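K.L.:
Coordinates for the following, if possible.
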Amino acid sequence: MVNILLVSHSYKLATGTAELLHQMATSEALKVRVAAGIGDDHEEIGTNAVEIMEALMELTMDGEVLVLMDLGSALLSTEMALQMLDEETAARVRMCPAPFVEGAIAAGVQANMGSSLQEVYDEAMGALDAKRKQILGEEETPVEEAASVQEKEAITSDGVELRITVTNASGLHARPAATFVQTIKKHDAKLSVTNLTQGGEEVAIKGMISVMMLAARQGDELILKATGNDRQAMLEELEQLFLDNFGE
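P.N.:
From the prediction side, this is the model:
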């Protein structure tokens, strides 16, 4: 399991981010720790390299660790903490330059699914893509999540399709997107989705961010294409999520 460490100048910012993360990623196996603020009650603004080191030592006992930091000196403190660790422990840690809040949520959801450290890192790095698309439009948005030619061929060769309409009022925002990818991860199958209403490209679903990149709103019609041994069971479970409005 990949664990998450949040390094921030503000204890309130870090604990608030951790609380939001836990709402999206509920597995007890996922550990999220905070190293933030200075002073006896962490009320002063600043970072403490020793506290970061101690948090890393704890988290690496149960797996690898992705570290997200808020500002420049948090990066310096984390680098100092890594220098205090032995090489074997430090090798289990990866610092991530993703945006603090969005990156933490994306990383936590991906880690919650048992993904590798590289997969968690990649998901965090794409955390702003959905926001860019919504604000700036298609031209300013990276297209790394679009399905590759090989993925499209695999899906069309032996896949099954489900056409469904988004009915929940808020569409596929962060919480439904997290539920969506957690459902996919339970099955031995792969999925791509096309938002017919928005005229978007076919998107290979790899994590929460790729779901949010669909920009799916209430009333949008989607085509879900699935391959793999559990493709039918996965589509049936996903269809029920839509029919239940993702519990909203």
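
K.L.:
which regions of this protein lie under the pLDDT threshold?
P.N.:
The model of the chain has pLDDT under 70 over residues 138-158.

K.L.:
any idea where the helices of the chain begin and end?
P.N.:
Using DSSP state H, the helices found in the chain span residues 11-24, 49-59, 72-84, 87-90, 100-112, 117-125, 129-136, 149-158, 174-185, 208-212, 231-243.

K.L.:
Looking at the ones you listed, which is nearest to E201?
P.N.:
Closest of these to E201 is helix 149-158, at 9.8 Å (criterion: Cβ to Cβ). Placement of C-beta: from N, CA and C, glycine included.

K.L.:
domains of this structure?
P.N.:
2-127, 138-247 (automatic domain parsing).

K.L.:
Tell me which residue is most central in the chain.
P.N.:
Compute the mean C-alpha point of the chain, and by Cα atoms, centre = their mean the closest residue is A106, 2.2 Å away.

K.L.:
Pull up the gap between that residue and L75, please.
P.N.:
19 Å (Cβ to Cβ, to the nearest Å).

K.L.:
picking up where we left off before, out of the domains of the chain, deepest packed?
P.N.:
The highest mean neighbour count among the domains of the chain, using mean count of other Cβ atoms under 10 Å, belongs to domain 2-127: a mean of 19.

K.L.:
what's the straight distance from one end of it to the other?
P.N.:
Across its full length, domain 2-127 reaches 17 Å between end residues, using Cα to Cα, to the nearest Å.

K.L.:
how distant is that domain from the center of its chain?
P.N.:
14 Å (Cα atoms, centre = their mean, to the nearest Å).

K.L.:
Let the chain start at 5 from now.
P.N.:
OK, 5 is where the count begins now, so the last one is domain 6-131.

K.L.:
The helices of the chain into a markdown table, with extra columns for distance to E225?
P.N.:
Shown next, in a markdown table, are those (distance: least, Cβ to Cβ, whole Å):
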| stretch | distance to E225 |
| --- | --- |
| helix 15-28 | 26 |
| helix 53-63 | 43 |
| helix 76-88 | 44 |
| helix 91-94 | 49 |
| helix 104-116 | 25 |
| helix 121-129 | 26 |
| helix 133-140 | 19 |
| helix 153-162 | 18 |
| helix 178-189 | 16 |
| helix 212-216 | 16 |
| helix 235-247 | 11 |
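
K.L.:
just so I know, which of these lies nearest T169?
P.N.:
Counting by Cβ to Cβ, T169 lies closest to helix 235-247 out of the helices of the chain; the figure is 7.6 Å.

K.L.:
re earlier: so which of the helices of the chain is nearest E206?
P.N.:
Nearest of the helices of the chain (Cβ to Cβ): helix 153-162, 6.2 Å.

K.L.:
Look up how far R179 lies from the residue of the chain most remote from its centre.
P.N.:
Distance from the centre of the chain peaks at D44, with 32.6 Å (Cα atoms, centre = their mean). Going from D44 to R179 by Cβ to Cβ gives 36 Å.

K.L.:
Kindly report the same for K194.
P.N.:
23 Å.

K.L.:
do V185 as well
P.N.:
Remark: distance between V185 and R179 (Cβ to Cβ) = 11 Å.

K.L.:
same question, A29
P.N.:
Noted for A29: a distance of 11 Å to R179, by Cβ to Cβ.

K.L.:
How about D74?
P.N.:
When distance is defined by Cβ to Cβ, D74 is 23 Å away from R179.

K.L.:
Tell me if I'm right that C100 and G107 touch.
P.N.:
Yes - counting by Cβ atoms under 8 Å, G107 is a contact partner of C100 at 6.3 Å.

K.L.:
State the distance from the nearest residue to H26 once chain neighbours are set aside to I188.
P.N.:
Counting by Cβ to Cβ, 6 or more residues apart in numbering, V36 is the residue found nearest to H26 once chain neighbours are left out, at 6.6 Å. In this view, V36 and I188 are 22 Å apart by Cβ to Cβ.

K.L.:
Check D90 too.
P.N.:
For D90 relative to I188 (Cβ to Cβ), the value is 38 Å.
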